[in-house]
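Asks: Structure for this input, please:
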Amino acid sequence: MSTRSRHLSVHIDRPVAEVYAFASDPANLPRWAPGLGGSVVREGGRWIVETPEGRAQLTFAPRNEYGVLDHEVVTPSGETVYVPLRAIADGDGAEVVFTLRRSPGMSDADFERDAGLVSADLALLKKVLETTSA
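Replies: Got it, this is the predicted structure:
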């Protein structure tokens, strides 16, 4: 079964290694993706995020030299959501690309809402990295 995807991206005026280091640390998620949850903690080797719906588990791709920031979120309901995310060198800066996948049965309005939320998170990531020494 195929799903519709949309690639959302942002250019960040910071070296790709810095962008990757910051974005690959789950502890930083509340600083740039607050919609996911308010706090992220490490419990027994797992990353747990407190969401409005309850506790979710995060599993990130192992550290790598390719900028792969893919992760899985096991939602409070038990659904596993795969999130493709990349940090790509772009001159002296970086482009961060998020692939938003449309879930089966998702309405157009919900897909557009999610795209807006992801775009806001990417804009916040840019702001945090360009205005602070992450």
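
Asks: what sits up against the strand or helix carrying D121?
Replies: Secondary structure assignment for D121, by DSSP states H and E: helix 108-131. Identification of contacts with helix 108-131 by CB atoms under 8 Å, 6 or more residues apart in numbering yields 4, 6, 8-14, 18-19, 22-23, 31-36, 96, 98, 100, 102, 106, 134. Quick note: C-beta positions are derived from backbone N, CA and C, even for glycine.

Asks: Strands along this structure, start to end?
Replies: 5-12, 39-43, 46-51, 54-60, 71-74, 80-83, 85-90, 93-101 (DSSP state E).

Asks: possible to save those as JSON lines with mean neighbour count, distance to K127 and mean pLDDT?
Replies: Putting those into JSON lines (neighbours: other CB atoms under 10 Å; distance: least, CB to CB, whole Å; pLDDT from 0 to 100) gives the following:
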{"stretch": "strand 5-12", "mean neighbour count": "16", "distance to K127": "9", "mean pLDDT": "97"}
{"stretch": "strand 39-43", "mean neighbour count": "12", "distance to K127": "19", "mean pLDDT": "91"}
{"stretch": "strand 46-51", "mean neighbour count": "17", "distance to K127": "21", "mean pLDDT": "91"}
{"stretch": "strand 54-60", "mean neighbour count": "16", "distance to K127": "22", "mean pLDDT": "93"}
{"stretch": "strand 71-74", "mean neighbour count": "16", "distance to K127": "21", "mean pLDDT": "93"}
{"stretch": "strand 80-83", "mean neighbour count": "12", "distance to K127": "21", "mean pLDDT": "92"}
{"stretch": "strand 85-90", "mean neighbour count": "18", "distance to K127": "16", "mean pLDDT": "97"}
{"stretch": "strand 93-101", "mean neighbour count": "19", "distance to K127": "13", "mean pLDDT": "97"}
